[in-house]
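**Q** What follows is a protein structure lacking sequence information:
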């Protein structure tokens with residue numbers, strides 16, 4: 001039978017350790033153990049958390065993989081029932097929301113990174129492609145960010161009409177299109193570039209300027225306009 005948490009020295013118990021030394025002193029397993037709370041007769045909450053960490057089949061360090069694990073997969077670990085699985089997924093979602101700016105409408109987009117850093121944490125974990133339209137005023141201040149299309153693992157089925165409707169209604173002069181690549185590679189496809197050219201021409205007809213089309217990967221992004229500019233220079 002495994003040793004229980006209560007049998008550990010006080011300074012080694014996750015709850016007490018956090019209180020004594022702060023959250024940064026805890027390992028990933030210890031932090032997860034606090035969420036899991038209780039263990040089983042055979043294993044402590046820390047040991048269950050260590051099993052949870054073994055679900056990481058990616059080559060990356062960290063806990064990012066938890067965003068893509070379903071409730072059902074979590075429940076396959078003995079000691080994690082439905083309630084604990086839901087709690088873990090809730091914490092994952094909170095971490096995403098905490099990384100977003102509280103009021104993006106105060107943000108001015110001066111370069112592609114300004115927008116990429118806002119949407120990176122949300123889009124990098126998605127298993128399907130999501131297209132967003134970012135509406136801006138004449139000073140490049142964000143007025144609105146709206147989801148306009150959802151796809152599978154390929155390019156989202158985006159409609160030019162759906163993209164331009166929002167800025168037309170808002171009488172906004174500028175837009176930026178953003179979509180993610182679930183593969184994690186932000187390199188634009190030929191289809192991405194072709195669609196960007198079509199959208200640029202269509203937007204111009206309504207006196208709307210397409211400033212850029214960003215492709216978001218896993219902690220990387222590509223500005224299609226920058227790529228096209230470099231190709232012209234070369």
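**A** Perfect, I can see it now. Everything numeric here is computed off the predicted structure, so don't read it as measured data.

**Q** what about the chain, any weak spots by pLDDT?
**A** Within the chain, the stretches with pLDDT under 70 are 1-11, 58-61, 99-103, 152-156, 229-234.

**Q** where along it do the strands fall?
**A** Along the chain, counting by DSSP state E, strands occupy 130-136, 142-150, 174-180, 209-216, 221-223.

**Q** Can you mark which positions in stretch 199-206 are buried?
**A** 199, 200, 203 (16 or more other CB atoms under 10 Å). Heads up, the C-betas are built off the backbone N, CA and C, glycines and all.

**Q** For the closest residue to residue 112 other than its chain neighbours, give its distance to residue 150.
**A** Excluding the flanking residues, the one nearest residue 112 by CB to CB, 6 or more residues apart in numbering is residue 223, at 4.0 Å. For residue 223, the distance to residue 150 (CB to CB, to the nearest Å) stands at 23 Å.

**Q** Among the two, which residue is more densely surrounded?
**A** residue 223 (22 against 13; other CB atoms under 10 Å).

**Q** isn't the more buried one right next to residue 212, touching?
**A** Yes. Residue 223 is in contact with residue 212 according to CB atoms under 8 Å; the separation is 5.4 Å.

**Q** residues shared between the contacts of the two?
**A** Applying CB atoms under 8 Å, 6 or more residues apart in numbering, one finds that residue 223 and residue 212 are jointly contacted by residue 112.

**Q** Can you tell me how far the residue most central in space within the chain is from residue 212?
**A** Residue closest to the mean C-alpha point of the chain, counted by CA atoms, centre = their mean, is residue 122 at 2.4 Å. Distance of residue 122 to residue 212, given as CB to CB: 18 Å.

**Q** same thing with residue 190?
**A** Relative to residue 212, residue 190 is positioned 18 Å away (CB to CB).

**Q** more crowded one of the two?
**A** residue 212 (21 against 7).

**Q** what's the burial count for the nearest residue to the more buried one once chain neighbours are set aside?
**A** Counting by CB to CB, 6+ apart, the nearest residue to residue 212 once its immediate chain neighbours are dropped is residue 225, at 4.5 Å. Neighbourhood size, residue 225 [other CB under 10 Å]: 17.

**Q** was I right about residue 225 contacting residue 211?
**A** Yes. Contact criterion CB under 8 Å: residue 225 and residue 211 qualify, at 7.4 Å.

**Q** And the helices in this protein, which stretches?
**A** For the chain, the helices defined by DSSP state H cover 14-21, 28-36, 45-53, 71-75, 82-98, 112-123, 160-170, 190-205, 224-233.

**Q** Output the contacting helices and strands for the second one.
**A** Contacts of helix 28-36 with other secondary structure elements, assessed using 3 or more CB pairs under 8 Å, 6 or more residues apart in numbering; DSSP states H and E, are made with helix 14-21, helix 45-53, helix 82-98.
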